[in-house]
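Asker: what follows is a predicted protein model with its sequence.
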Amino acid sequence: MSGKLPGRILEAIQPETAYFTEQDGRRGGIFVIDIKMLSDLSSFSEPFFLNFQADCKFRMLMSPEDLQKAGLEALGKKWA
């Protein structure tokens, strides 16, 4: 990424943290963002799609507190 555009995109998506790295032999970035609603995904991905023909992948993360609220014991009983 070159020029001022990457800075504008980062300012717009306001990631909690951002890392730039290599992915599959190409330039890549890892951004931790807090998505309140799934409909917000487009506002995070479109700048990369439109400007860099990017391949965006999303991974959902949980904190330990989120995991405690997930009800894993009940799910285990239901589906095991």
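Answerer: All right, it came through fine. Residues are numbered from 1 along each chain as shown.
Asker: okay, now the unreliable bits of this protein?
Answerer: 1-3 (pLDDT under 70).
Asker: hmm, who's touching the longest helix along it?
Answerer: The single longest helix within the chain, with elements called by DSSP state H, is helix 41-52. With contacts defined as CB atoms under 8 Å, 6 or more residues apart in numbering, helix 41-52 is touched by Met1, Leu5, Ile9, Ala12, Ile13, Phe31, Ile33, Ile35, Ala54, Cys56, Phe58. (Each C-beta comes from the backbone N, C-alpha and C, glycine too.)
Asker: check contacts around the fourth one.
Answerer: Read it as Ala12. Ser43, Pro47.
Asker: which helix or strand contains it?
Answerer: Assigned by DSSP states H and E, Ala12 belongs to helix 5-13.
Asker: next, the angle helix 5-13 makes with the longest helix of the chain.
Answerer: Here the directions of helix 41-52 and helix 5-13 differ by 170 degrees (axes from the mean of the first three to the mean of the last three CA atoms, to 10 degrees).
Asker: list the buried residues in helix 41-52.
Answerer: Phe44, Pro47, Phe48 (16 or more other CB atoms under 10 Å).
Asker: enumerate every residue touching Ile9.
Answerer: If you count contacts by CB under 8 Å, 6+ apart, then Ile9 has Pro47, Phe48, Asn51 around it.
Asker: and the gap between the first one and Met60?
Answerer: Going from Pro47 to Met60 by CB to CB, to the nearest Å gives 21 Å.
Asker: the second one too?
Answerer: Using CB to CB, we find Phe48 at a distance of 18 Å from Met60.
Asker: now the phi/psi pair for Ile30, please.
Answerer: The phi/psi pair for Ile30 (degrees, to the nearest 10) reads phi -120, psi 120.
Asker: one step back: including distance to Glu73, could the buried residues of helix 41-52 go into CSV?
Answerer: Output for the buried residues of helix 41-52, formatted as CSV (distance: CB to CB, whole Å):
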residue, distance to Glu73
Phe44, 33
Pro47, 41
Phe48, 39
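Asker: could I have the buried ones of the contacts of helix 41-52 as ChimeraX selection syntax?
Answerer: The buried residues among those can be selected in ChimeraX (16+ other CB under 10 Å) with this line:
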select :9,13,31,54
